[in-house]
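# Predicted model, plus sequence, below.
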Amino acid sequence: GLGLVACLICALIVSCVVGVINGVITEVFGVSSFITTLGMLLGLGGLTLIISHAAPVAMPGAEVTSHTVNVTHVVNGQEITLPEQVNEVGTFARIFGAGQYSEFIWALVAVGAIQVLLSLTRWGMYTVAVGGNKHGAAEAGVKVRVVVIRNFIVCSFLAGFVGILEANRASSVQPDTAGASETMFRAVSAAVIGGTLLAGGEGTAIGALFGALFLGILRDGLTLEGVNADYLDFILGLAILIAMIVN
């Protein structure tokens, strides 16, 4: 019953809460971040199936409406006006994912913001320090737990926002967890190809962007060239390994 903007804010708050839980489990209870996020992925995926009864839900505000407009065509030097049907989505949906370049623009905004955060702020300096040597950073006076938890919050916030963009683009919320998992693995691959070390201590948002563009262009190029779909993952896997060897 809430408005679309209020729903968006609530969804992002819930995403941030997930980040807080992940951060606390990792830093306070000492569980590996990989295990923590894997368990959260499976748990939230299962909860999604339970509360949705495994049925897709239409995305509010992303409904397609049709209306008729008069369009003038020039035929043999004469202007002819004919009615044409135009399908449109609401302004909210166009801004948050359904617009032609909406997701790309939001991606550039996110990359720019995170790159500035990492490069020009104390937050970013502490993040790189903790990733490179957690014990050394703690001895230097960095509040390691605070840094890790707030970075989990940022990651969860951005992941939730991507979910909103994708739901608007597809005009529905799908409870199928397979699609989300595939997106997650592509995101990790993009970051790694872009120079981010899984062990921590090195990486840039711009590098992750180029990694994502590399994967996307490679996949689209293979599809446009008519490469058999059975070979796509094989070629992408080799490309990832070669890129990492080069790095």
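Done, it's in. These numbers were taken from a predicted model, which means no experiment stands behind them.

# Who are the packing partners of the lengthiest helix in the chain?
With DSSP state H setting the assignment, residue counts place helix 144-170 as the longest helix in the chain. Secondary-structure packing of helix 144-170 (3 or more Cβ pairs under 8 Å, 6 or more residues apart in numbering; DSSP states H and E): helix 4-27, helix 102-120, helix 122-132, helix 134-139, helix 177-193. In this view, the C-beta of every residue, glycine as well, is placed from N, C-alpha and C.

# Tabulate the ones you listed (CSV), appending distance to F96, mean pLDDT and mean neighbour count.
Below are the helices and strands packed on helix 144-170 laid out as CSV (distance: least, Cβ to Cβ, whole Å; pLDDT from 0 to 100; neighbours: other Cβ atoms under 10 Å):
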stretch, distance to F96, mean pLDDT, mean neighbour count
helix 4-27, 7, 96, 16
helix 102-120, 7, 95, 15
helix 122-132, 26, 93, 17
helix 134-139, 36, 94, 14
helix 177-193, 17, 82, 16
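
# got those helices as a markdown table, with distance to I206 columns?
Shown next, in a markdown table, are the helices and strands packed on helix 144-170 (distance: least, Cβ to Cβ, whole Å):
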| stretch | distance to I206 |
| --- | --- |
| helix 4-27 | 23 |
| helix 102-120 | 5 |
| helix 122-132 | 13 |
| helix 134-139 | 24 |
| helix 177-193 | 11 |
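
# E88: which of those helices is closest?
Closest to E88 of the helices and strands packed on helix 144-170 is helix 102-120 (Cβ to Cβ; 13.9 Å).

# got the contact list for the spatially most central residue of the chain?
Residue closest to the average C-alpha location in the chain (Cα atoms, centre = their mean): V162, at 4.1 Å. For V162, the contacting residues are T183, by Cβ atoms under 8 Å, 6 or more residues apart in numbering.

# Return the distance of it relative to A243.
Distance of V162 to A243, given as Cβ to Cβ, to the nearest Å: 23 Å.
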